[in-house]
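# Sequence plus predicted model, see below.
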Amino acid sequence: MDVLMSERRRLLNLAYRLLGSLAEAEDAVQEAYARWCALPKPQQDAIESPGAWLTTVTGRICLTLLGSARARRETYVGDWIPEPVPETPGGDPADRVTLDESVSMAFLVVLEAMTPAERVAFILHDVFCHSFAEVAEIVGRTPAACRQLASSARRRIRASHEPAPPVARQAGVVRDFKRAWEAKDIDALIGLLDPGATATADGGGLALAFTHPIEGGERIAHAWIELASRKPAGMTFAERTVNGRPGLVARQDGVVVTVFAFDVTGDRIKHIWVVRNPEKLRRWTD
């Protein structure tokens, strides 16, 4: 069992990238372990690699969940943004998601546009280095078909994913954005935003949020100035790591009420994701 539980962190990392929701990822991994425990002892003993078995089962569970998630998100109030993950210094290492480029908000948003089969094939092969024969067993298609799925997903990534500048530079841009926002400096905000920037919010019908993306750097700057003028008393903003990249959080009465994730290209912000759905922010309040 100790060996099996040592797989938990890897499975959680896999499931989060496949589902974009840490809560759903935890449920998927838990279900995989439950299925293992339900196997008769002779069947368990006959499995040469329990870790590989758990990966296969977790992948299949996620593939099924991705199909149903598409239907659920059609009725979701406003835009659906992947659940942001904080950088947690404490807690059980087995429960942490490794924060690298494949978990950045920009990357996860591109994954959302893929078919479930494309997403599973790409993540398993390109991120977790499984062979296409192994991927085929999970997806239920031939290795050649899985190779095509991963190739299609790779093209989507290349078409929409620009190289990120060094983290220190990203942090500087986000810090400057925070200062300009708090100072209500419209010209500084416009200078920090790409002319074609977009801002997307996710309130899930549970928190107030703009329901349609805001397009254009100037429009976003004006919207953020308006937000600053309506800032509730006692609300504070702090720099935090969001999915491995510099971001901001808004805290009200000790509770994190908004997480801001940024996509920085060069020295300007190209996209802002505003997550306000409280169900996606539970892990952010200390």
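Cool, the structure landed. Numbers count the residues shown, from 1 in each chain.
# Nearest residue to P195 in space, ignoring adjacent ones along the chain?
Distance criterion Cβ to Cβ, 6 or more residues apart in numbering; nearest residue to P195, sequence neighbours excluded, is G217 at 4.9 Å. Every residue, glycine included, has its C-beta placed from N, CA and C.
# residue ranges with poor pLDDT in the stretch 151-286 of the chain?
286 (pLDDT under 70).
# And the strands in it, which stretches?
Taking DSSP state E, counting those that start in this stretch, the strands of the stretch 151-286 of the chain run over residues 193-202, 214-215, 236-242, 245-252, 255-265, 268-275.
# circling back: contacts only, for the residue nearest to P195.
I190, L193, D194, P195, G196, A197, R268 (Cβ atoms under 8 Å, 6 or more residues apart in numbering).
# out of the strands of the stretch 151-286 of the chain, which comes closest to T285?
strand 255-265 (5.0 Å; Cβ to Cβ).
# Okay, and I138 sits in which element?
According to DSSP states H and E, I138 maps onto helix 132-139.
# Could you chop this structure up by domain?
Listed domain ranges for the chain are 2-160, 167-284 (source: automatic domain parsing).
# before we move on, the earlier item: out of the contacts of G217, which end up buried?
Listed as buried from the contacts of G217 are I190, L193, D194, A197, R268; burial here means 16 or more other Cβ atoms under 10 Å.
# Surely the fourth one touches G216?
Yes - under the criterion of Cβ atoms under 8 Å, A197 lies in contact with G216, with a separation of 6.9 Å.
# how about the nearest residue to V174, chain neighbours excluded?
Of all residues not flanking V174 in the chain, P246 sits nearest, at 4.4 Å (Cβ to Cβ, 6+ apart).
# Quick one: residues contacting that neighbour.
Applying Cβ under 8 Å, 6+ apart, the residues near P246 are V167, Q170, A171, V173, V174, R175, E239, F262, V264.
# Next, count neighbours for the closest residue to D267 other than its chain neighbours.
What sits nearest to D267 in space, not counting adjacent residues and going by Cβ to Cβ, 6+ apart, is V173, at 6.1 Å. Neighbour count of V173, defined by other Cβ atoms under 10 Å: 20.
# I'd like the distance between V173 and V167.
Between V173 and V167 the computed distance is 11 Å (Cβ to Cβ, to the nearest Å).
# Number of residues surrounding H130?
22.
# Next: E226.
Applying other Cβ under 10 Å, I find that E226 has 10 neighbouring residues.
# do the same with the one 4 residues further on
Number of residues near R230 (other Cβ under 10 Å) recorded here: 7.
# what do you get for R155?
So R155, with other Cβ under 10 Å, has 10 neighbours.
# And it, how far from Q252?
Taking Cβ to Cβ, one finds R155 at 42 Å from Q252.
# pretty sure T56 is touching E137, no?
Yes - with contact defined as Cβ under 8 Å, T56 and E137 form a contacting pair (6.0 Å).
# can you redo the strands of the stretch 151-286 of the chain as a markdown table with distance to I47?
Formatted as a markdown table, the strands of the stretch 151-286 of the chain follow (distance: least, Cβ to Cβ, whole Å):
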| stretch | distance to I47 |
| --- | --- |
| strand 193-202 | 40 |
| strand 214-215 | 51 |
| strand 236-242 | 38 |
| strand 245-252 | 39 |
| strand 255-265 | 40 |
| strand 268-275 | 39 |
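# Now do the contacts for F237.
By Cβ under 8 Å, 6+ apart, the contact set of F237 is K178, W181, E182, L248, V249, A250, R251.
# mind listing the helices for this protein?
Counting by DSSP state H, the segments of the chain that form helices are 2-5, 8-19, 22-38, 41-46, 50-74, 105-112, 116-122, 132-139, 143-160, 167-183, 186-192, 217-229.
# Could you say which one of those comes nearest to P82?
helix 105-112 (4.2 Å).
# Can you pull out the residues in contact with that closest one?
Here helix 105-112 has contacts from 17, 20, 80-82, 84, 101, 119, 122-123, 156-157, 160-161, 164, 242-243, 245, 261, 263, 271, 273, using Cβ under 8 Å, 6+ apart.
# I'm done for today, thanks for sticking with me.
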